[in-house]
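Novice: Sequence plus predicted model, see below.
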Amino acid sequence: MRKINLSISGCMGRMGQQLIKSSKKNRNFKLVSLTENRLINKKIAGIRPFKNSIDAFKKSNVIIDFTVPKCTLEILKIASRLKKRVVIGTTGFSKKEENLIKKYSRKIPILKAGNMSLGVNLLMYLTEIASKSLGNNFLSKVYEVHHKHKIDYPSGTALMLGRGIADGQNKNFYSLIGRKYLNKKSFPYAKKINFNSIRKGEVIGEHEVRFSSGKEIIKLNHESFDRALYSEGALTAATWLMSKKAGLYSMRDLLNFK
């Protein structure tokens, strides 16, 4: 099998560093370039990082991006011009930015996921099933914990799970978004979906969906112990994307959840 030429954006970030480690261990990939939003005057894994540019990505078959929305859209603009595939693990996009991603996906294959873990994507699938089955008799809320360095909240995964609740009820997700709490010991159920985000220590990721009728509570949860879980999932996504035509895909497509 011919190796896949890989570019990693945000190479100095936590996920960028983990992706470099995982790609070096994966025989299907050849790491050809790294990018960062500032000049780095040293080589990383034997490669001198670029800023995002045509030169940075021209040798790539696929770009994996775990950065911030502004950077992701910059990468998509370049990738669209070069006809490169992009795996997006970045979170925190606005509705307008989500629509821009859809626009770019008409030209290039894009796989976008708030979480690259098999377990988390199974959790979202189960959340959708539970929401559909329980219907309007149950209220729901989403709880998540991440390390103290994570800036955005709720996490992309928490929002994914919220979307699963909305999809299960065949409702518009944005119309169901309720209050967004930070570091609260407890938070209420409501007719809309409330979120509570905890930022502490070096926690990699914990997520929980709760459904309550007032008489009983159903909990669905997932806990991550190793960041390699996400980088290996992203590499699996990159491999899968190589055979796809232009379009916007998710881990659900990769895992063939109906």
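Specialist: Happy to help now that I have it. All of these numbers come straight from a predicted model, not from anything done at the bench.
Novice: When you work out contacts or count neighbours from here on, use the C-alpha atoms and nothing else.
Specialist: Noted.
Novice: And the strands in the stretch 151-258 of the chain?
Specialist: 177-182, 193-199, 205-212, 217-224, 247-249 (DSSP state E, counting those that start in this stretch).
Novice: among those strands, which is nearest R14?
Specialist: strand 205-212 (13.4 Å; Cα to Cα).
Novice: Partner strands of the closest one, with direction?
Specialist: Strand 205-212 sits in its sheet next to strand 139-146 (antiparallel), strand 217-224 (antiparallel), going by DSSP bridges.
Novice: returning to what we had before: and the strands of the stretch 151-258 of the chain as CSV, adding mean neighbour count and mean pLDDT?
Specialist: Formatted as CSV, those follow (neighbours: other Cα atoms under 10 Å; pLDDT from 0 to 100):
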stretch, mean neighbour count, mean pLDDT
strand 177-182, 16, 97
strand 193-199, 23, 97
strand 205-212, 19, 96
strand 217-224, 14, 96
strand 247-249, 18, 98
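Novice: TSV for those strands, including distance to S7?
Specialist: Formatted as TSV, those follow (distance: least, Cα to Cα, whole Å):
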stretch	distance to S7
strand 177-182	34
strand 193-199	30
strand 205-212	25
strand 217-224	25
strand 247-249	19
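Novice: out of those, nearest to Y153?
Specialist: strand 193-199 (6.3 Å).
Novice: Just the CA coordinates for the closest one, please, in PDB.
Specialist: Coordinates of each C-alpha in strand 193-199 appear next as PDB, following Å, rounded to 0.1, in the frame of the first residue of the first chain:
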ATOM      1  CA  ILE A 193     -30.800  21.300  26.800                       C
ATOM      2  CA  ASN A 194     -28.600  22.700  29.500                       C
ATOM      3  CA  PHE A 195     -24.800  22.100  29.600                       C
ATOM      4  CA  ASN A 196     -22.400  22.100  32.500                       C
ATOM      5  CA  SER A 197     -18.600  22.200  31.800                       C
ATOM      6  CA  ILE A 198     -16.000  21.500  34.400                       C
ATOM      7  CA  ARG A 199     -12.400  22.500  33.900                       C
END
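Novice: can you count the residues close to the residue nearest to L118 when sequence neighbours are not counted?
Specialist: Leaving aside its sequence neighbours, L118 sits nearest to G233 (Cα to Cα, 6 or more residues apart in numbering; 7.3 Å). Counted with other Cα atoms under 10 Å, the neighbours of G233 add up to 17.
Novice: Pop the domain breakdown of the protein in here.
Specialist: Domain assignment for the chain, taken from automatic domain parsing, gives 4-112+227-255, 118-224.
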